[in-house]
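Undergrad: Dropping the sequence and predicted coords here.
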Amino acid sequence: MTSIPIPVRTEAHPHLRSLNLLRDLPQVADLIELCFSQTFDEDGEQYVRQMRRAGRDESWLKWASSALESASMPLTGYVWVEGERIVGNASLIVFHHQHRKLNMVANVAVHPEYRHRGIARALTERALSHARERKTDEIWLHARDDNPDALDLYSDLGFTERARRTTWISNANSIFPDTATHFEVTTRRAQFWPTQRAWLDQLHPADLRWYRGWNFESLAPGWWNWLYRLFVEMNLRQWAALRDGKLQAVLAWTPGGSRREPLWLALGEDSHPEAATRLLVQARRELGAHKFTLEHPAGPVDESIRAAGFRAERTLVWMSAPGATK
């Protein structure tokens, strides 16, 4: 079904104005922290710290004022002001991917005392208008699946769901279950790579790579990749689960030195879901007391991931809307 974008209202509003980088960043950081701190992950905490640091850096502010359309940090957007207090915000981040201009609407936040007054709608409408005025090809945003008001608002403004993805975090001191013994677990073999890559491409679609920066070539077998990993000191580990000789799933660990070590789970539509549990438990037993993170499409493997001692941190609904009319 083709979605028809709803025209946005562009008339001026006395409380709505453009973000002023030279004075607004500290208040916007406070507002984002107030609205989202209960659901912040490590990236969210770092983001607010960076915003506060940038608001104190005069040289950065001078540079940012001339780089609104090229940087990958929310250098432009709109705020809602009551008196001299910023109580609403919507940021716009510009991306360029494969000769296309994309905008990400982010940090749509309204102070709790000012909600249910149409402020979020007005800010999002103005952000949409801004993006289309500047010939953006496509406009994206995401919202938590447990925020139905936001999802309804964005749908009403012409956004269509494109993906639903869950971030999982390993539970500390998990008691690992007795996993199914009808799987053979081996190290990832070179002949498994084409299937693993096809599964990864399906699970981590190209539609989102402009934002996520997924690149799985470092997982491929071969001399040059081995030499590269040796040079950058990447201690890659990969496991495969087979059932009756047929590949069911592959799991990769790519340590990055952060507090959360990423895991990449690959399996197909016909794979047995218990293979995911088997590999995740195997990795956690071998790797010890690391804290792991795993991003995976929400759906039929959820219970298998949970059974391996992971909890769902959040599920994001990714949505897009058409950009400027050609």
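TA: That came through fine.

Undergrad: Relative to residue 148, how far out is residue 113?
TA: Note on residue 113: its distance to residue 148, by C-beta to C-beta, to the nearest Å, is 21 Å. Quick note: C-beta positions are derived from backbone N, CA and C, even for glycine.

Undergrad: do the same with residue 17
TA: Separation of residue 17 from residue 148 (C-beta to C-beta) stands at 29 Å.

Undergrad: neighbour count winner among these two?
TA: residue 17 (15 against 10; other C-beta atoms under 10 Å).

Undergrad: quick one: contacts for that one?
TA: Taking C-beta atoms under 8 Å, 6 or more residues apart in numbering, we find residue 17 in contact with 78-79, 81.

Undergrad: what residues are up against the residue positioned nearest the centre of the chain?
TA: By C-alpha atoms, centre = their mean, the chain has its centre lying nearest to residue 212, at 6.5 Å. By C-beta under 8 Å, 6+ apart, the residues touching residue 212 are residue 204.

Undergrad: Number of residues surrounding residue 38?
TA: Count around residue 38 with other C-beta under 10 Å applied: 6.

Undergrad: contacts for stretch 187-200?
TA: The contact list for stretch 187-200, computed with C-beta under 8 Å, 6+ apart, reads 214, 216, 219-222, 238-240, 247, 250, 252, 264, 266-268.

Undergrad: how about that stretch: buried residues?
TA: For stretch 187-200, a neighbour-count test (16 or more other C-beta atoms under 10 Å) marks 188, 192-193, 196-197, 199-200 as buried.

Undergrad: Likewise for stretch 142-161?
TA: For stretch 142-161, a neighbour-count test (16+ other C-beta under 10 Å) marks 142-143, 145, 150-151, 153-155, 157-159 as buried.

Undergrad: do stretch 267-275 as well
TA: Within stretch 267-275, the residues scored as buried using 16+ other C-beta under 10 Å are 267, 271-275.

Undergrad: show me where the chain has strands.
TA: Ranges of strands within the chain are 16-18, 76-82, 85-97, 100-110, 138-144, 160-170, 184-187, 237-243, 246-253, 261-267, 292-297, 310-322, based on DSSP state E.

Undergrad: what's the neighbour count on residue 172?
TA: Residue 172 is flanked by 8 other residues according to other C-beta under 10 Å.

Undergrad: surely it meets residue 290?
TA: No. Using C-beta atoms under 8 Å, residue 172 is not in contact with residue 290, being 10.5 Å away.

Undergrad: Show me where the stretch 151-300 of the chain dips below the pLDDT cut-off.
TA: Filtered on pLDDT under 70, the stretch 151-300 of the chain yields the residue ranges 174-180, 223-234, 256-258.

Undergrad: Swap in 50 and give it another go.
TA: Along the stretch 151-300 of the chain, segments meeting pLDDT under 50 span 232.

Undergrad: bridging residues for residue 18?
TA: On the basis of DSSP bridges, residue 18 is bridged to residue 78.

Undergrad: My guess is residue 281 contacts residue 309. True?
TA: Yes. With contact defined as C-beta under 8 Å, residue 281 reaches residue 309; the gap is 7.4 Å.

Undergrad: Among the buried residues of stretch 187-200, which are located in helices?
TA: Using DSSP state H to define helices, the subset of those located there is 193, 196-197, 199-200.

Undergrad: now those residues in a markdown table, with distance to residue 50?
TA: Converted to a markdown table, these look like this (distance: C-beta to C-beta, whole Å):
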| residue | distance to residue 50 |
| --- | --- |
| 193 | 37 |
| 196 | 35 |
| 197 | 34 |
| 199 | 34 |
| 200 | 30 |
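
Undergrad: Now flag whichever of the buried residues of stretch 187-200 is closest to residue 37.
TA: residue 200 (33.0 Å; C-beta to C-beta).

Undergrad: ok, now how distant is that closest one from residue 207?
TA: Residue 200 sits 14 Å away from residue 207, going by C-beta to C-beta.

Undergrad: Could you do residue 111 as well?
TA: Distance, residue 111 to residue 207, by C-beta to C-beta: 33 Å.
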